[in-house]
Every structure is written in C-alpha cells, then in structure tokens.
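Asker: sequence plus predicted model, see below.
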Amino acid sequence: MSRGALVRLTATGLALGAIALAVAFFIPWLPESASKEREGIDFLTWFVTIISIGIFALVMAVILYSVVRFRAAPDDDSDGPPIHGNTKLEIVWTAVPTVLVLAIAVVSGVVLARNDRIPKDALRIEVTGEQFAWTFKYPDAKGLASGGTLRLPRGRPVRLLITAKDVIHSFWVPEFGQKLDALPGSVNHLKITPTKVGTYPVICTELCGLGHALMRSEAIVMPPAEFDAWLRKQGEDVGQGGDGAGKAVYANNGCGACHALEAAGSTAKVGPDLDKLPDLARRAGEPLEEFVRESIVKPNAYIEPGFPRGLMPAYDELEGEQLDALVDFLVGSSEAGK
Ligand code: CUA
C-alpha cells in the first residue's frame, strides 16, 4: 500500500470515528444518573461504545477505501489476482478482538460484583409488585408502608427485597440503572445507593397484564436527615393510636388512590365511596365494624354492585395495631359523615 493510500485510509477512518463519537456524546441517550450503581453501568456502557466506535470506523474506512480504490473499470471483465491467506493479518484480527472481548468481560465482571455487593447495614425496603401497583415497606421501622411511593435517603446503600403477589413484574428506576424481576414466591435483592435528591419514575418492565403500562410509581430521594425525620414521623403517627394512627395507615397503604373518604381528603372513584360504608354494610348484611375489617383483609367477600370483582388487592398483611387503627378510623369517619 502506498503512503498516499494509507493517509487517505486513515483520514477516512478518523472522520467516520469523529462523526460516530459526536452522535454518541452530543445526543443525550441516557437519563440522568442518580445512583452509585448507575455510575458503574454508565462507565461500562461508554467503554463498550468507544470500542465499538473504533471498530466501526476501521471497518467502514477499509470498505469505503476498497469500494473507491478497487472499483472495476467499465470495460474490465477480468477476475482479480488469486490471493491465499495472510498469516500476519490473521494473527492480528484474532488477537485484537480477543483482547477487547476479554477486557469487556473483566470490566463487566468488576461492575457487576460491585453493584451486587450489599453491605450488612444497608437500609432494607420491601418492594412488592402486584397487578398493577407497587408497595414499599420499611421492615426496620415497624414494617411501615409508604403508600406506593418509594422514599430513599441520599448517600446510603439500600437493599430492596423485591417480590410479587400474582405474576412476574420487574422493578426499574432508569436513573438508578439497576433493574430486577419481581417473582411471586421468591425474594430478589437489589442494591441502590442514591446520589441525587429528586423524584424519579418507578417503572414495571415486565408485561404483566392489561394495566402493565400504567404500573408506575415514584421514587423520592431525600436528604438523609429529612428521610430520618419522615420515617420517625410515620412511626409516631402509627404508634399514636386514635384517629391520627388510622389516617396514617390509610395514607401509608394508598387507600386514597382508589377510594373517596372525606375525613382523609381523598376523592378517587375506582372503588366504593368509603363515606357510604354504613350503607354498604347494610347491603352486605353485616355489622359495620366486622364488614369493614373483612373488606380490607378479604375484599372479595362482598362486592358492591357496579364494581368489578378482584380489583382490590387483599391487605392481609395488615395486622394488629395497624388494622385496628384503620378499622376504627373508617368506621368512625363514615358514621360521623352520616
Ligand atoms: Cu407489572 Cu408490568
């Protein structure tokens, strides 16, 4: 190959590489990063992307050069000279990809191992997927539930214990990077170390039924002190007894997302109006308190006409203090509204 040809080939390769780099870097392909784990994943993404750009530029430059340089003249029907093998070239094109693939494997292994290593003292949060909602519970804080919104402290590693009630779902917050399936009957562990205060979407990424596309929630990353205060406040509300406790349980479990209840300021119409509980109980033929308790734990025992069966999930893990407080609150406020 002549010197001029080599210069042209190199120039073509550099130009193609520059275009590919510009496309990769100047278009914001990735959502903002908000966790330590995402930083590792992003590093790996760029590591592989840059290697790919190098190979793309090299291969395209050789192809373009060959198409131009070796194109057949209009009156030339002859075959090219027969060529057999080039040991040096074959060694190079075997060795270089081997090194690159090994490098990608090693870097991937390191990132994966780091992202999977969960410290013993990580804050535990139970994540449960069901058609079509997420619930989050804090087992280290009296099993508090945070009403469908995931709250996390910035800068502290969190162990998410992910499971599902019915079918397979998948937990994903794009800004956190890590993603994991939620399986009925088993618990998967995922580490997240949030680095940025903010509100991010929680998305279900496993086709799980009719409401799959709507199975979204929010992850709120709070400054550590604010998070601690929030967690303490939730615990106090529940421990307080009386109306405050019931109202907190109502809010924590996201009842207001589907039901209207004046005392809690909720107006949703997915499920029956809870200010009319006494009428519902009469139709069900049960004493009010018993009816309310049963409807929380076994919602399909009585279905109010006009509402579909199986829509409300059973809140059967709600027990003791929390269940009592919620029942008292619902009975009290629906009777007061009459
Ligand atoms: Cu749950 Cu898709």
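Answerer: Yes, it's here. Numbers count the residues shown, from 1 in each chain.
Asker: and the helices in the protein?
Answerer: 3-26, 36-69, 87-116, 224-239, 242-252, 277-284, 288-297, 320-336 (DSSP state H).
Asker: out of these, deepest packed?
Answerer: helix 242-252 (a mean of 21; mean count of other C-beta atoms under 10 Å). The C-beta positions use only the backbone N, C-alpha and C, and glycine is treated the same way.
Asker: quick check: mean pLDDT of that one?
Answerer: Averaging pLDDT along helix 242-252 gives 72.
Asker: repeat that for stretch 265-279.
Answerer: For stretch 265-279, the per-residue pLDDT averages 84.
Asker: list the buried ones in that stretch?
Answerer: Going by neighbour count (16 or more other C-beta atoms under 10 Å), the buried part of stretch 265-279 is 266, 271, 272, 273, 274, 275, 276, 277.
Asker: gap between the two ends of that stretch?
Answerer: 20 Å (C-alpha to C-alpha, to the nearest Å).
Asker: for burial, what's the neighbour tally of whichever residue of the stretch 51-200 of the chain sits closest to the ligand?
Answerer: In the stretch 51-200 of the chain, no residue comes nearer to the ligand than residue 169, which is 3.5 Å away by C-beta to the nearest ligand atom. Other residues within reach of residue 169, judged by other C-beta atoms under 10 Å, total 30.
Asker: so the residue lying closest to it once chain neighbours are set aside bridges to which residues?
Answerer: Excluding the flanking residues, the one nearest residue 169 by C-beta to C-beta, 6 or more residues apart in numbering is residue 129, at 3.3 Å. Beta-bridge partners recorded for residue 129 (DSSP bridges): residue 134, residue 164.
Asker: show me the contacts for the residue of the stretch 51-200 of the chain closest to the ligand.
Answerer: 129, 130, 181, 182, 204, 206, 208, 215 (C-beta atoms under 8 Å, 6 or more residues apart in numbering).
Asker: who wins for most neighbours among the residues you listed?
Answerer: When the contacts of residue 169 are compared by neighbour count (other C-beta under 10 Å), residue 129 ends up highest, at 28 neighbours.
Asker: could you check how far that one is from residue 203?
Answerer: 11 Å (C-beta to C-beta, to the nearest Å).
Asker: hang on, isn't the residue nearest to residue 169 packed against residue 204?
Answerer: Yes: between residue 129 and residue 204 a contact is recorded at 6.5 Å, counting by C-beta atoms under 8 Å.
Asker: what sits in contact with each of these two?
Answerer: 169, 170, 171, 215.
Asker: I'd like those as CSV, with pLDDT and distance to residue 89 appended.
Answerer: CSV is the format used below for the shared contacts of residue 129 and residue 204 (pLDDT from 0 to 100; distance: C-beta to C-beta, whole Å):
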residue, pLDDT, distance to residue 89
169, 95, 51
170, 96, 45
171, 95, 48
215, 87, 53
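Asker: using a markdown table, lay out the residues you listed together with distance to residue 45.
Answerer: What follows is the shared contacts of residue 129 and residue 204, written out as a markdown table (distance: C-beta to C-beta, whole Å):
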| residue | distance to residue 45 |
| --- | --- |
| 169 | 25 |
| 170 | 20 |
| 171 | 20 |
| 215 | 26 |
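Asker: what about those, which are in strands?
Answerer: Counted as lying in strands by DSSP state E, out of the shared contacts of residue 129 and residue 204, are 169, 170, 171.
Asker: what about stretch 212-220, near the ligand?
Answerer: Yes: interface with the ligand: stretch 212-220 contributes 212, 215 (C-beta under 6 Å from any ligand atom).
Asker: give me the contacts around that stretch.
Answerer: 129, 131-134, 148-152, 169, 173, 176, 198-204, 206, 208.
Asker: could you rerun that using 6 Å?
Answerer: With contact meaning C-beta atoms under 6 Å, 6 or more residues apart in numbering, stretch 212-220 is reached by 132, 134, 148-151, 173, 199-204.
Asker: need the contact list for residue 12.
Answerer: Per C-beta under 6 Å, 6+ apart, neighbours of residue 12: 61, 64.
Asker: report pLDDT for it.
Answerer: At residue 12, pLDDT is 87.
Asker: again with the one 4 residues further on
Answerer: According to the model's per-residue confidence, residue 16 sits at a pLDDT of 89.
Asker: next one: residue 118
Answerer: 91.
Asker: dump the residue contacts of it.
Answerer: 159, 191.
Asker: state the distance from it to residue 193.
Answerer: 10 Å.
Asker: for the residue nearest the centre of the chain, which non-adjacent residue is closest in space?
Answerer: Nearest residue to the geometric centre of the chain (C-alpha atoms, centre = their mean): residue 172, 1.2 Å. Leaving aside its sequence neighbours, residue 172 sits nearest to residue 179 (C-beta to C-beta, 6+ apart; 4.2 Å).
Asker: ok, now residue 250?
Answerer: residue 264 (5.3 Å).
Asker: what residues does the stretch 101-250 of the chain put near the ligand?
Answerer: Counting by C-beta under 6 Å from any ligand atom, the stretch 101-250 of the chain sits next to the ligand at 129, 132, 169, 204, 206, 207, 208, 212, 215.
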